[in-house]
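Colleague: Have a look at this fold, sequence not included:
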């Protein structure tokens, strides 16, 4: 089992956690080609698995990641009815890590998974390039809608994502679920979070 160190995340949900920090330490290694910066990153165990799954397409890690997430959710006694995953920021990727982990996690929890629940209805720039939280929130206002409200109404939702940075995206989706979806409760879970809230 993966060693995790859960971190509370605040937002428009009853309880929210990231299973661990993504990176524990980043040392600047100088400038790279094309004006980029190079860093030597020390990742948490979960952060390393998420990195390898997301950027190296190591699909063999899905079950191991989902097992740790499942054990954590069961320890919390949340008892969600439905897992809703955050839509991926890169829609052109043929392999969507969040959807893959969500499907296995929901099976382990014996609940339904609704990967297409939240639809992005307006284009936004990549949020990783926007430093200010208020600007991110503004860009995401009215950016999402629920595909089928009848599937979430009155349910306890496990809102799931791989990485929590500032909480702008997760918060925007939780707001839509609360205001338009008439859900009962939301529990937020991300696999990792950044050390900085930017």
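Modeller: It's in. Predicted model only: the values in this text are computed from it and were never measured. Numbering: from 1, shown residues only.

Colleague: switch to C-alpha atoms for all contacts and neighbour counts from now on
Modeller: OK.

Colleague: Any stretches of the chain with poor pLDDT?
Modeller: Counting by pLDDT under 70, the chain shows low-confidence ranges at 29, 32-35, 39, 124-133, 135-139, 197-198.

Colleague: Does the residue sitting nearest the centre point of the chain lie in a helix or a strand, and which?
Modeller: By Cα atoms, centre = their mean, the chain has its centre lying nearest to residue 161, at 1.5 Å. In this structure, residue 161 sits in strand 156-164 according to DSSP states H and E.

Colleague: name the helices or strands packed onto that strand?
Modeller: In terms of contacts (3 or more Cα pairs under 8 Å, 6 or more residues apart in numbering; DSSP states H and E), strand 156-164 is packed against strand 82-85, helix 97-109, helix 168-179, strand 185-193.

Colleague: out of these, which comes closest to residue 9?
Modeller: strand 185-193 (8.1 Å; Cα to Cα).

Colleague: quick one: that closest one to helix 168-179, angle?
Modeller: Counting by axes from the mean of the first three to the mean of the last three Cα atoms, to 10 degrees, strand 185-193 points 170 degrees away from the direction of helix 168-179.

Colleague: Strand 185-193 to strand 156-164, inter-axis angle?
Modeller: Interaxial angle of strand 185-193 relative to strand 156-164 (the same axes, to 10 degrees): 20 degrees.

Colleague: Contacts for strand 185-193 next, please.
Modeller: Identification of contacts with strand 185-193 by Cα atoms under 8 Å, 6 or more residues apart in numbering yields 12-22, 46-47, 50, 69, 78, 80, 155-165, 174.

Colleague: do stretch 170-183 as well
Modeller: So stretch 170-183 is in contact with 11-13, 86, 118, 137, 140-141, 144-146, 149-150, 152-157, 159, 161, 164, 184, 186, going by Cα under 8 Å, 6+ apart.

Colleague: which residues of this structure fall in helices?
Modeller: 45-55, 62-76, 97-109, 133-140, 168-179 (DSSP state H).
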